[in-house]
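Chemist: From the sequence below, what's the structure:
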Amino acid sequence: MLKRIYQPLAYQTDTLPNSYWADSVPTLPDCEKLPMEGTLKADIAIIGGGYSGLSAALELAQNGADVAVFDAGRSGWGASGRNGGFCCMGGSGKDYGYLAKKFGDDAVKQFARIQHDAIDLVENRLTDWNIDADRHSDGEVILAHKPNRIGELHHEADELAHYTNITSTFLDRNTLIERGLHANDTYGGLHVQAGFGLNPMKYLVGLHAQCTAAGVRIFEQAKIDRFSEDGDHYLLHAGDTRISAGKIVIATNGYSSENLPDWIGGRLMPVFSGILVTRPMSDDELSAQGWTSDLMAFDSRILLHYFRKLPDNRFLFGGRGGITATPTAFEAGKRDLLDNFNRMFPAWRDIDFTHHWNGLACLSQSWRPYIGRVPGHRDVWTALAWHGNGVALASMGGKLLAQRMLGTVGEDDLGSVLTTPMDKFPMPALRRVARSVAYRYYGLRDRFA
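Modeler: Reported below is the predicted structural model:
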């Protein structure tokens with residue numbers, strides 16, 4: 001039986017979430033159904049049909065492998081269909097300077113280049129595959145939610161200049177207002193000119209189509225319960241159905257189980273993130289608040305909020321949620337999101353919301369992703385822990401993982417930040433308790449410090 005960190009409500013796979021993204025796609029891609037019993041065969045079995053799993057599948061199939069993808073729900077059911085649609089830099093829960101203390105400047109610069117290349121990968125896919133994913137936004141803006149956080153923006157600009165070639169520009173409060181970026185509790189901003197917004201489900205549908213065209217078999221409602229070694233192959237079990245494969249890829253990110261494989265247990269901390277989307281607003285309604293820009297934005301809170309105006313003049317507002325998967329907790333999280341939205345955008349207090357949903361972002365104890373072989377296993381591989389920035393980096397991570405498996409790139413090409421295995425949390429059984437305490441502390445710091 002799969003061991004999960006949250007209650008069953010977090011892992012209901014029968015339907016897609018009530019998201020704006022799912023409703024915006026007229027036709028979702030077809031998936032195959034697993035037979036009720038018997039044995040399937042594939043060169044490589046991939047568990048998880050999101051950005052990383054499908055990106056790995058596409059690269060492997062295009063290089064001649066027989067690939068089968070198994071998703072407990074369907075493509076887009078997990079974080080790849082629930083996120084805020086920010087294709088941007090990121091992937092670590094800590095800044096570049098923190099990582100450099102362990103890995104050195106050169107390794108961190110390499111990590112930053114891969115993040116930037118990941119944005120280009122998604123952009124090229126949208127162009128080459130002719131996907132209309134409602135792309136917009138010239139980068140993103142980080143907003144200081146208190147005057148004393150402006151120094152953090154200058155520190156961020158210094159780090160970007162040192163570790164990357166990305167242009168950033170400081171915007172004072174008046175300039176933010178002039179550029180249509182007016183929100184309460186905003187005292188300055190840093191415009192980082194890398195990345196763009198998109199409809200993540202439209203991108204995923206295009207990626208899914210490329211996989212099936214390359215011969216990848218994609219199965220929905222296909223929950224893998226366990227796997228075992230069988231000579232030079234692995235046997236994966238989904239109920240009474242068995243899958244025989246030479247290699248396995250674990251691409252389940254925040255929806256991973258603690259025992260598939262056991263190595264994952266205690267190394268990840270999935271956290272809920274909630275999103276609200278308004279009805280389309282008129283230009284006059286947007287002007288009344290003073291937010292008319294289509295730039296992606298997030299604030300300087302530890303428990304950050306992220307938001308953007310969508311191309312049809314809806315407004316998306318997201319933020320970190322609780323650590324309990326119950327209807328009561330989800331409703332409390334929605335109220336908290338709404339309270340913060342009303343405080344930051346008071347002119348829109350009476351605007352109706354059409355959608356609200358939750359998803360799991362995936363943090364690691366080491367505050368960075370991991371791409372490589374699962375320690376202790378001959379040919380089990382994984383790519384996960386995108387720290388809420390998976391649109392770009394999960395896409396690249398899946399591709400790089402496949403290239404590692406094919407032997408076309410080595411560990412040096414990925415660098416030590418991405419290939420050093422993650423540590424375990426201390427006292428992992430208490431992760432949720434510790435995170436609850438930390439959230440209370442972070443909330444006080446965001447408010448008073």
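
Chemist: ok but Leu190 is inside a helix, no?
Modeler: No: counting by DSSP: H, G, I helix; E, B strand; the rest coil, one finds Leu190 to be strand, located in no helix.

Chemist: Contact partners for it?
Modeler: 141-142, 153, 156-157, 168-171 (CB atoms under 8 Å, 6 or more residues apart in numbering). Glycine gets a C-beta too; all of them are placed from N, C-alpha and C.

Chemist: So which of those are in helices?
Modeler: Taking DSSP state H as the definition of helices, the contacts of Leu190 contribute 153, 156-157.

Chemist: If you rank those by neighbours, which is first?
Modeler: For those, neighbours were counted using other CB atoms under 10 Å, and Leu153 has the most, 22 neighbours in all.

Chemist: In contact with it, which residues?
Modeler: 142, 144, 170, 188-190, 300.

Chemist: ok, of those, which come out buried?
Modeler: Applying 16 or more other CB atoms under 10 Å to the contacts of Leu153, the neighbour count classes 142, 144, 188-190, 300 as buried.

Chemist: Please convert the ones in helices among the contacts of Leu190 to JSON lines, extending it with distance to Ile5 and pLDDT.
Modeler: As requested, those are arranged in JSON lines below (distance: CB to CB, whole Å; pLDDT from 0 to 100):
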{"residue": "Leu153", "distance to Ile5": "34", "pLDDT": "98"}
{"residue": "Glu156", "distance to Ile5": "31", "pLDDT": "98"}
{"residue": "Ala157", "distance to Ile5": "37", "pLDDT": "98"}
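
Chemist: now, which of these sits nearest Leu58?
Modeler: Glu156 (33.7 Å; CB to CB).

Chemist: That closest one touches Ile142, doesn't it?
Modeler: Yes: in this structure, Glu156 sits in contact with Ile142. The criterion is CB atoms under 8 Å, and the distance is 6.4 Å.

Chemist: Report the set of residues contacting both of those two.
Modeler: The contact lists of Glu156 and Ile142 share 190, 192, where a contact means CB under 8 Å, 6+ apart.

Chemist: Quick check: Ser436 vs Ala329, distance?
Modeler: Here the distance between Ser436 and Ala329 works out to 11 Å (CB to CB, to the nearest Å).

Chemist: Pick out whichever of the two has more residues nearby.
Modeler: Ala329 (18 against 14).

Chemist: On the three-state scheme, that one is what?
Modeler: helix.

Chemist: surely it meets Arg335?
Modeler: No: under the criterion of CB under 8 Å, Ala329 lies out of contact with Arg335, with a separation of 10.8 Å.

Chemist: List the residues that are in contact with both of those two.
Modeler: Overlap between the contact sets of Ala329 and Arg335, as judged by CB under 8 Å, 6+ apart, is nil.

Chemist: end-to-end on stretch 371-387?
Modeler: According to CA to CA, to the nearest Å, stretch 371-387 extends 14 Å from its N-terminal end residue to its C-terminal end residue.

Chemist: And it, how far out from the chain middle?
Modeler: Remark: stretch 371-387 is offset 17 Å from the chain centroid, using CA atoms, centre = their mean, to the nearest Å.

Chemist: just stretch 366-383 next, same as before
Modeler: Its chain's C-alpha centre and that of stretch 366-383 lie 18 Å apart, by CA atoms, centre = their mean.

Chemist: Which positions within the biggest helix by length in the chain qualify as buried?
Modeler: When every helix of the chain is counted residue by residue (DSSP H), the longest turns out to be helix 105-128. In terms of neighbour count (16+ other CB under 10 Å), helix 105-128 has its buried residues at 107-112, 114-116, 118-119, 121-123, 125-126.

Chemist: Now it: average pLDDT?
Modeler: On average, the pLDDT along helix 105-128 is 98.

Chemist: Dump the C-alpha coordinates for that helix into PDB.
Modeler: Taking only C-alpha atoms (Å, rounded to 0.1, in the frame of the first residue of the first chain), the coordinates of helix 105-128 have been written out as PDB:
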ATOM      1  CA  ASP A 105      29.900  30.000  -7.500                       C
ATOM      2  CA  ASP A 106      30.600  28.000 -10.800                       C
ATOM      3  CA  ALA A 107      28.100  25.300  -9.900                       C
ATOM      4  CA  VAL A 108      25.400  27.800  -9.000                       C
ATOM      5  CA  LYS A 109      26.000  29.700 -12.200                       C
ATOM      6  CA  GLN A 110      25.500  26.400 -14.100                       C
ATOM      7  CA  PHE A 111      22.300  25.800 -12.200                       C
ATOM      8  CA  ALA A 112      21.100  29.300 -13.100                       C
ATOM      9  CA  ARG A 113      22.000  28.700 -16.800                       C
ATOM     10  CA  ILE A 114      19.900  25.500 -16.800                       C
ATOM     11  CA  GLN A 115      17.000  27.400 -15.300                       C
ATOM     12  CA  HIS A 116      17.300  30.000 -18.100                       C
ATOM     13  CA  ASP A 117      17.600  27.300 -20.700                       C
ATOM     14  CA  ALA A 118      14.500  25.700 -19.300                       C
ATOM     15  CA  ILE A 119      12.500  28.900 -20.100                       C
ATOM     16  CA  ASP A 120      13.900  28.800 -23.600                       C
ATOM     17  CA  LEU A 121      12.900  25.100 -23.900                       C
ATOM     18  CA  VAL A 122       9.300  25.900 -23.100                       C
ATOM     19  CA  GLU A 123       9.200  28.900 -25.400                       C
ATOM     20  CA  ASN A 124      10.700  26.900 -28.300                       C
ATOM     21  CA  ARG A 125       8.200  24.100 -27.800                       C
ATOM     22  CA  LEU A 126       5.300  26.500 -27.900                       C
ATOM     23  CA  THR A 127       6.600  28.000 -31.200                       C
ATOM     24  CA  ASP A 128       7.800  24.700 -32.800                       C
END
